[in-house]
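S.K.: Fold the following for me, if possible:
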Amino acid sequence: MKKSILVISNDPGVRDMLTNLLGEAGFSVSLAGSGAEAVKIVTNTALDFVLVEHFLADFSGVELKRRIRRLSPKTRVVVVSSFTTIRSSDDVLRFGPSDFILDQREILELIQASSEERVATPPPMADDRLKRCLVDTFDILVGLLKVNDPFFGGNSHITMEYARSVAEDMKLSQEMIDEIVVASLLHDIGRVGIKGDILAGKKEMSEADIRTIRSHAENGAKILEAIDFPWKIKPIIIHHHERYDGKGYPSGLKGREIPIGARILAVVDAFAAMTANRPYRRALSREEAVQELHKNVGTQFDPEVVEHFTKIVEQKYFFRGVGSKPKILLVDDEVDYLTLLKLKLVSEGFDVDTADNAEDAMAHLARSKPDMVLSDVIMPGTDGIGMLRRMREKSEYADLPVVFLSGRDDNNVKIQALHLGAEDYLLKPVDFVLLAAKIRNVIRRDEKRKKGAVPGPSTGVVGDLKNLGIPEIVQTLHLGLKTACVTVTRGDGDEGRIFFENGRIRHCAIGDTSGEEAFYRMLRWQEGPFVIAHGQTTTVRTIEMDEMQLMMEGMRRLDEEGKDPVGEP
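M.R.: Residues are numbered from 1 along each chain as shown. As a prediction, this is how the structure comes out:
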């Protein structure tokens, strides 16, 4: 990570020269033209080094060094004099044997040597783990405060994700990244005492209401003041509504006077707010929100931060801001797991409703149709499989995507679920970020289908052979008398296809190999994603053998070869 350095000089030429010199050497450089400006920056920003010119208009270098050390004891301060300053000053006459003039490269070497001297021993693993636990605890507690809020639920977590990504992309120090992450989670905690109708914008705001809302940044810092955080988060929370042109609040800071964490938070918080629905306006699309950020570069927002964030949104968060929040119905009788799952999915940008039994879930479907149902299998009364059967009997729910999330690893249950048209069958515990990605993919496929997209392998039922093998797939499609194409892709690039017609295997191919030999090869595969595309058929006929005979012959060959079906060499 880049070391941070503040350069303080009256002379713009000196500042530019040192910015280029230190920037090329890998430092993150901030600039100040006076002692007063420098004090503001040091107060609000964690710095590794300060390089201060001896002769300033409002401070002497030595005096400023003492003040900076009081404000930031860990910061190394180096006082220098540029020759452009002293050559026209009477002080040059007082230079003696204890005074030196350094070349600009020697200044760089001095700072780099100082940096090497101060390389700290890496913190113990226990400290890192403790910090991660603390951050995760903040994330959960703040999320629980808003989990049932249809407009602000998940906002703090999403803002934190954006802020962390920008800080990492800007190659800030790990300490500074940690500060920004924690401050992002807690930045709106000062809103706790503000009335809900003011925050929701349900009435026209008076001047007093505006002052109340603007006080939330300082109030948040006061709430957290009594906590001895290992991070310098207070300046970020206080100043995240400052503007780059100095017209923000509460202090009217401008440009580099604003802490870098607050400048990052200002951009990502604005984007998160613009791409979320509010009672008084619709959410903007990703493109519209990015356009607004660019429109306010240099006035409201730091241009460098906006540049980094734009790149990150396009590369990493392209799925955000592409329409209204997807609606998910969670069905699970384990209330604690249901609450945790709701919290995680709300934090990933979903609109989530819950039911703890199948009867309540069916009643909820009658009131409001979601984009997808995520359900447990084992529940009192009607279980998940029974609920899916009831859904498929009703035309209005017949095509609603359903994914099962269960602690029961039973191939027969998996086969039943897929036979009834479930999109996937996942086992608990599940990685929540991976689950969110799977949910988005399922919903995207369903939207394409509704719009009349041409069906293909990517629009079918997806899974992995690790969870459902070739024998189980064959059994499911054979018993269901299905017409479909099963496409399996291996890590080495091999792709195999099995075509079914009314439950009968008609054709199988892997590259140039086709027929029964291709099927026997695929029978060895136990890992790799598969897609079952219903309705796809072919006129090619390479297999005449009965499915059960084909399976038995394949298993006999495996036994004779002395191989377990764990993958083909």
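S.K.: Grab the longest helix from the protein for me.
M.R.: helix 125-146 (DSSP state H).
S.K.: Tell me which other helices or strands it touches.
M.R.: helix 155-169, helix 174-186, helix 335-347 (3 or more Cβ pairs under 8 Å, 6 or more residues apart in numbering; DSSP states H and E). Backbone N, C-alpha and C define where each C-beta goes, glycine included.
S.K.: want to throw those into CSV with mean pLDDT and distance to residue 314?
M.R.: Output for the helices and strands packed on helix 125-146, formatted as CSV (pLDDT from 0 to 100; distance: least, Cβ to Cβ, whole Å):
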stretch, mean pLDDT, distance to residue 314
helix 155-169, 89, 12
helix 174-186, 89, 21
helix 335-347, 86, 22
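S.K.: on that earlier part again, and the longest helix of the chain, what's buried?
M.R.: 131, 135, 138-140, 142-143, 146 (16 or more other Cβ atoms under 10 Å).
S.K.: Mind putting the helices and strands packed on helix 125-146 into CSV with mean neighbour count and distance to residue 276?
M.R.: Shown next, in CSV, are the helices and strands packed on helix 125-146 (neighbours: other Cβ atoms under 10 Å; distance: least, Cβ to Cβ, whole Å):
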stretch, mean neighbour count, distance to residue 276
helix 155-169, 23, 7
helix 174-186, 24, 15
helix 335-347, 19, 12
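S.K.: Looking at these, which is nearest to residue 21?
M.R.: Residue 21 lies closest to helix 174-186 among the helices and strands packed on helix 125-146, at 22.1 Å (Cβ to Cβ).
S.K.: Out of the helices and strands in the chain, which is least certain?
M.R.: Sorting the helices and strands of the chain by mean pLDDT, DSSP states H and E puts helix 83-86 at the bottom, at a mean of 44.
S.K.: what's the neighbour count on residue 29?
M.R.: 21 (other Cβ atoms under 10 Å).
S.K.: quick one: strands adjacent to the strand or helix carrying it?
M.R.: Assigned by DSSP states H and E, residue 29 falls within strand 28-32. Using DSSP bridges, the strands paired with strand 28-32 in its sheet are strand 4-8 (parallel).
S.K.: Give the rounded mean pLDDT of the strand it pairs with.
M.R.: Across strand 4-8, the average pLDDT comes to 88.
S.K.: Now do that strand against helix 174-186, angle only.
M.R.: Put simply, strand 4-8 runs at 100 degrees to helix 174-186, going by axes from the mean of the first three to the mean of the last three Cα atoms, to 10 degrees.
S.K.: Could you check how far strand 4-8 is from the centre of its chain?
M.R.: 31 Å (Cα atoms, centre = their mean, to the nearest Å).
S.K.: Need the contact partners of it.
M.R.: Contact partners of strand 4-8, identified using Cβ atoms under 8 Å, 6 or more residues apart in numbering, comprise 15, 18-19, 22, 27-35, 37-38, 41-42, 45-53, 56, 64, 111, 172-173, 176.
S.K.: Looking at those, which are in strands?
M.R.: 28-32, 49-53 (DSSP state E).
S.K.: just the strands in the stretch 351-500 of the chain please.
M.R.: Under the criterion DSSP state E, counting those that start in this stretch, the stretch 351-500 of the chain carries strands at the ranges 351-355, 372-375, 402-406, 424-427, 461-464, 484-489, 495-501.
S.K.: Columns mean neighbour count, distance to residue 77 and mean pLDDT on top of those, output as CSV?
M.R.: Converted to CSV, the strands of the stretch 351-500 of the chain look like this (neighbours: other Cβ atoms under 10 Å; distance: least, Cβ to Cβ, whole Å; pLDDT from 0 to 100):
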stretch, mean neighbour count, distance to residue 77, mean pLDDT
strand 351-355, 20, 51, 90
strand 372-375, 25, 56, 94
strand 402-406, 22, 56, 92
strand 424-427, 20, 56, 90
strand 461-464, 19, 58, 75
strand 484-489, 21, 59, 90
strand 495-501, 20, 63, 91
